[in-house]
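Enquirer: only the shape, not the letters, is given here:
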């Protein structure tokens, strides 16, 4: 494949990756009902005049000086590399490192690591003419597609580090790549790179994907998906991955803590504002019913609402840490990885999934 054709293909891959990241950010920020959506500007969704004005200035600056961004931005990019084999696992963040460490499967095959976090060997990415050529391809395609979408311009700032990763993967001559990314720009970029360069890609699921969100661009290929169950695998294959070659089922578990209450129930909080009213209604019913001692594990993206604090503390406990998992009889959730872990950790547990259309009283009466 010629460099010219390769750059044309890679630039399209990078722009498609940014589209996935943008769509994901918009969906999850709207789900959390944040007034200001961080990371990328959504000026057309932001009614704050000052923010709109500032984002407009930034968009104008990016339009005029987009050609110079790599010269500034590349100096800030640092890759850390462990090992020198062609079996590479990608660790973009501390969170990804934690997810990788918790995977209940042997990943020793991937004895080389590329990451943005500290490792044994620092790889300072030097800006090269080939990188800049690819960047110009990306900018041309970006403005061709999104010239009339200035709220998307800030995504240009992400292009240099994506090109840096492509260069790093090229230099490593990777045969096998593993990642925990599922929906974001890195997932699409690495999947596309794997298909173009005939690498084997393994994806380790780290959270439930079943829900309303479906990425705009499917991952071109995943050779081995390590998934929680058949339902999760089916959702991956239908909505997230274009070509799935093989699947291995994981059984993520947690260590349950013994408790003194004879009848107990856990509500796993949702990250969605629209579900919060259902949580409160459920707690009110359980407090009135008095059959169960109720534990609540709020979603980490939402602060504990004062509605919870008004309930009888003798019949309710709010879990604020990530190490206490009470050995309850019933789990209520809105689509949760933790619920899957409870099912795998206790045979006779009752798990009930609610949604905004659920008849709460009817379901709770069946317990």
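Expert: Now that the structure is in, tell me what you want to look at. Keep in mind that what you see is a predicted model, and the values were worked out from it rather than measured. Numbering: from 1, shown residues only.

Enquirer: scan this structure for its longest helix.
Expert: Ordering each helix of the chain by length in residues (DSSP state H) puts helix 3-32 first.

Enquirer: quick check: phi and psi on the residue nearest to residue 297 when sequence neighbours are not counted?
Expert: Nearest non-adjacent residue to residue 297, counting by Cβ to Cβ, 6 or more residues apart in numbering: residue 319, 4.5 Å away. Every C-beta, even on glycine, is put in place using the N, C-alpha and C of the backbone. Dihedral pair for residue 319: phi -90, psi 120, per degrees, to the nearest 10.

Enquirer: same question, residue 246
Expert: Dihedral angles (degrees, to the nearest 10) for residue 246: phi -150, psi 160.

Enquirer: low pLDDT regions in the stretch 201-350 of the chain?
Expert: 271, 273-274, 300-314 (pLDDT under 70).

Enquirer: which stretches of it form helices?
Expert: With helices called from DSSP state H, counting those that start in this stretch, the stretch 201-350 of the chain shows them at 230-235, 273-289, 306-309, 337-345.

Enquirer: ok, which stretches of the stretch 1-150 of the chain are helices?
Expert: 3-32, 49-65, 69-73, 94-102, 129-146.

Enquirer: tell me the mean pLDDT for the fourth one?
Expert: Taken as a whole, helix 94-102 has an average pLDDT of 73.

Enquirer: check what pLDDT residue 10 gets.
Expert: Looking at residue 10, the pLDDT reads 91.

Enquirer: buried ones in stretch 349-356?
Expert: For stretch 349-356, the neighbour count (16 or more other Cβ atoms under 10 Å) marks 349, 351, 352, 354 as buried.

Enquirer: got the domain boundaries for the protein?
Expert: 1-77+125-161, 78-124+174-252, 264-365 (automatic domain parsing).

Enquirer: dump those domains into JSON lines; add distance to residue 168 as well.
Expert: Formatted as JSON lines, the domains of the chain follow (distance: least, Cβ to Cβ, whole Å):
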{"stretch": "domain 1-77+125-161", "distance to residue 168": "7"}
{"stretch": "domain 78-124+174-252", "distance to residue 168": "5"}
{"stretch": "domain 264-365", "distance to residue 168": "30"}
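
Enquirer: of all those domains, which one comes closest to residue 167?
Expert: Closest of the domains of the chain to residue 167 is domain 1-77+125-161, at 6.0 Å (criterion: Cβ to Cβ).

Enquirer: any idea how far residue 333 is from residue 250?
Expert: As judged by Cβ to Cβ, to the nearest Å, residue 250 and residue 333 stand 19 Å apart.

Enquirer: got the helices of the stretch 1-150 of the chain as a markdown table, with mean neighbour count columns?
Expert: Output for these, formatted as a markdown table (neighbours: other Cβ atoms under 10 Å):
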| stretch | mean neighbour count |
| --- | --- |
| helix 3-32 | 18 |
| helix 49-65 | 13 |
| helix 69-73 | 17 |
| helix 94-102 | 14 |
| helix 129-146 | 17 |
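
Enquirer: nearest to residue 258 among the buried residues of stretch 349-356?
Expert: Nearest to residue 258 among the buried residues of stretch 349-356, with distances taken as Cβ to Cβ, is residue 349, at 14.2 Å.

Enquirer: now do the same contact list for the closest one.
Expert: Residues in contact with residue 349, defined by Cβ atoms under 8 Å, 6 or more residues apart in numbering, are 328, 329, 330, 331, 342, 343.

Enquirer: list the residues that contact the first one.
Expert: Same thing as residue 328. 259, 264, 265, 266, 295, 342, 349.

Enquirer: ok, the residues you listed vs residue 286, which is closest?
Expert: Nearest to residue 286 among the contacts of residue 328, with distances taken as Cβ to Cβ, is residue 265, at 6.7 Å.

Enquirer: residues near that closest one, how many?
Expert: Residues within reach of residue 265, counting by other Cβ atoms under 10 Å, total 24.

Enquirer: for residue 320, the count of nearby residues, please.
Expert: Neighbours of residue 320 (other Cβ under 10 Å): 10.

Enquirer: and what of residue 228?
Expert: 22.

Enquirer: residue 258 contacts residue 324, doesn't it?
Expert: No. Between residue 258 and residue 324 there is no contact under Cβ atoms under 8 Å: 11.1 Å.

Enquirer: the more surrounded of those two?
Expert: Taking other Cβ under 10 Å, residue 258 and residue 324 do not tie; residue 324 has more neighbours (14 against 6).

Enquirer: tell me who's in contact with the more buried one.
Expert: Residue 324 is in contact with residue 257, counting by Cβ under 8 Å, 6+ apart.

Enquirer: quick one: it and residue 266, what's the gap?
Expert: Between residue 324 and residue 266 the computed distance is 11 Å (Cβ to Cβ).

Enquirer: quick one, which of residue 250 and residue 333 is more surrounded?
Expert: Per other Cβ under 10 Å, whichever of residue 250 and residue 333 has more neighbours is residue 333, with 22 against 19.

Enquirer: the more buried one and residue 353 touch, don't they?
Expert: Yes. The criterion here is Cβ under 8 Å, and residue 333 meets it with residue 353 at 5.8 Å.

Enquirer: what is in contact with these two at once?
Expert: Overlap of the contact sets of residue 333 and residue 353 (by Cβ under 8 Å, 6+ apart) consists of residue 339.

Enquirer: contact partners for residue 186?
Expert: 17, 90, 92, 165, 179.

Enquirer: ok, and the closest non-adjacent residue to residue 270?
Expert: residue 334 (3.8 Å).
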